[in-house]
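Asker: following is a predicted model, sequence given first.
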Protein chains: 2
Amino acid sequence: MKNHRPRRAAAGRTFVRDYLSYLLGQANYAVYKDFEARVRAAGLSSTEWRVLATLSDGDGLTIGELAADVLAQQPTLTKLVDRMARAGLVERRGDETDGRRTRVFETARGRTLVAPLLAQAKAHERATLAAFPAKDVAALKAILRTLGAHAPSDPAGRAAARAKPRRRPG
Amino acid sequence: MKNHRPRRAAAGRTFVRDYLSYLLGQANYAVYKDFEARVRAAGLSSTEWRVLATLSDGDGLTIGELAADVLAQQPTLTKLVDRMARAGLVERRGDETDGRRTRVFETARGRTLVAPLLAQAKAHERATLAAFPAKDVAALKAILRTLGAHAPSDPAGRAAARAKPRRRPG
DNA sequence: CCATATTATATGAAATTTCATATACATCAA
DNA sequence: TTGATGTATATGAAATTTCATATAATATGG
């Protein structure tokens, strides 16, 4: 389908094809791409789907928790939750003991909308992984969980983060 | 760190924690997060970094090829390339045999900017994966490559894509 | 060659995301 | 309590992304 013929392709130039982050991104895109059609057909964006799926596992999460779970930034989530609340998919409630927090709950409408998607997502995942031995799938998920759990420590990286210039150097 | 205590957490509610796409996303975020600081310190956005890294493997890719490689949409890439060209990081050249195509090349400045990042990315990946047996890493990458290669066939999903209503159903 | 379909990129307007910061509440030390 | 500091979310303006479509070039069938 795609016809890659890089002009300057040379001997050692094969960075991205081996780079873990690239492989993770491409794999995720490939496995999600098909399913995205279902999500869009339900009238949801990808992030909205992740929000509803996450809340289905247990709602009442704070804005910050939700942001971390769906890999979005806090102001993005604040505004997304605004829109989803206006659409009647979720509901905000102030935390009773900590007035700074906003907890997010699914409405009946949100649940109804996402329920069939959850089932379809499971089916789609089963179909996607059907070709692989169950053992390999388990191993894959285990290592992904481990990677996702501890942010690997990179002191130099964090130092760079603190210094952050933020704009293109001249 | 995060203090999740979902209000409605119940017995079977554990969808996302087992969902492949979620695991891939979380893992990618975790392994990339630290490194992103370096990217920002170089004055680049994540997508700009992916563009330059991809072009370093061989440039002269078309807008469409680049979009697919960095998992962005075509209009996004068109505009990103505009900005990167203005910043002197890449250069557009019309394809000689197909007048519709635009091929994108790295400038010397782009190469100079991304070179240290490529080295740092390799080092960071080595550090991230150091704890895992080489055998497991190889298996992980192999399965990721397989997943990324064939978009799993899901006729129902494609049918839904064709039907796409695009807006929230009443 | 012509007409039509297809493909690749560009573009305008609208929607979303981001950055920086404001606001409100909570916590801690004295 | 008070004041200082930290934390959670909200918000405004700017930047980016998206959707839909326009534009331009190429392929294809007759």
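Answerer: Now that the structure is in, tell me what you want to look at.
Asker: every contact and neighbour count from this point should use C-alpha atoms.
Answerer: Fine.
Asker: so the helix or strand containing A:Leu144, near chain B or not?
Answerer: According to DSSP states H and E, A:Leu144 maps onto helix A:134-149. Yes - using C-alpha under 8 Å from any C-alpha of the partner chain, helix A:134-149 reaches chain B at A:Leu140, A:Lys141, A:Ile143, A:Leu144, A:Arg145, A:Thr146, A:Leu147, A:Gly148, A:Ala149.
Asker: cool, and stretch A:79-91?
Answerer: No - Stretch A:79-91 does not reach chain B (C-alpha under 8 Å from any C-alpha); its nearest approach is 8.6 Å.
Asker: spell out which parts of chain A neighbour DNA strand D.
Answerer: Neighbours of DNA strand D within chain A, by C-alpha under 7 Å from any atom of the strand: A:62-65, A:74-76, A:78-79, A:100-103.
Asker: which of those fall in helices?
Answerer: A:Ile63, A:Gly64, A:Glu65, A:Gln74, A:Pro75, A:Thr76, A:Thr78, A:Lys79 (DSSP state H).
Asker: quick one: A:Ser124 and A:Phe35 touch, right?
Answerer: Let me fix one detail, which is that residue A:124 is His and not Ser. Yes - with contacts counted by C-alpha atoms under 8 Å, A:His124 reaches A:Phe35, the gap being 7.1 Å.
Asker: give me the buried stretch members for stretch A:98-114, please.
Answerer: By neighbour count with 16 or more other C-alpha atoms under 10 Å in any protein chain shown, stretch A:98-114 contains the buried residues A:Arg101, A:Thr102, A:Arg103, A:Val104, A:Phe105, A:Glu106, A:Thr107, A:Gly110, A:Arg111, A:Leu113, A:Val114.
Asker: give me the contacts around that stretch.
Answerer: For stretch A:98-114, the surrounding residues in contact (C-alpha atoms under 8 Å, 6 or more residues apart in numbering or on different chains) are A:42, A:49, A:52-53, A:55-56, A:59-63, A:88-95.
Asker: per-residue confidence for the most centrally placed residue in chain A?
Answerer: With distances taken as C-alpha atoms, centre = their mean, the residue of chain A nearest its centroid is A:Val70 (4.6 Å). Listed pLDDT for A:Val70 reads 97.
Asker: next: A:Tyr32.
Answerer: On the pLDDT scale, A:Tyr32 is placed at 94.
Asker: check A:Arg162 too.
Answerer: Each residue has a pLDDT score; the one for A:Arg162 is 36.
Asker: okay, whatever helix or strand A:Ala115 lives in in PDB with CA atoms only?
Answerer: A:Ala115 is located in helix A:108-129, with elements delineated by DSSP H and E. Taking C-alpha atoms only, helix A:108-129 is exported to PDB below (Å, rounded to 0.1, in the frame of the first residue of the first chain):
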ATOM      1  CA  ALA A 108     -26.900   6.600  32.800                       C
ATOM      2  CA  ARG A 109     -26.700   8.000  29.300                       C
ATOM      3  CA  GLY A 110     -22.900   7.700  29.300                       C
ATOM      4  CA  ARG A 111     -23.100   4.100  30.500                       C
ATOM      5  CA  THR A 112     -25.700   3.200  27.900                       C
ATOM      6  CA  LEU A 113     -23.600   4.700  25.100                       C
ATOM      7  CA  VAL A 114     -20.300   3.100  26.200                       C
ATOM      8  CA  ALA A 115     -21.600  -0.400  27.100                       C
ATOM      9  CA  PRO A 116     -21.800  -1.800  23.600                       C
ATOM     10  CA  LEU A 117     -18.400  -0.300  22.900                       C
ATOM     11  CA  LEU A 118     -16.800  -2.100  25.900                       C
ATOM     12  CA  ALA A 119     -18.200  -5.400  24.600                       C
ATOM     13  CA  GLN A 120     -17.000  -4.700  21.100                       C
ATOM     14  CA  ALA A 121     -13.600  -3.700  22.300                       C
ATOM     15  CA  LYS A 122     -13.100  -7.000  24.100                       C
ATOM     16  CA  ALA A 123     -14.200  -8.800  21.000                       C
ATOM     17  CA  HIS A 124     -11.900  -6.800  18.800                       C
ATOM     18  CA  GLU A 125      -9.000  -7.400  21.100                       C
ATOM     19  CA  ARG A 126      -9.700 -11.200  21.100                       C
ATOM     20  CA  ALA A 127      -9.800 -11.100  17.300                       C
ATOM     21  CA  THR A 128      -6.600  -9.100  17.100                       C
ATOM     22  CA  LEU A 129      -4.700 -11.500  19.400                       C
END
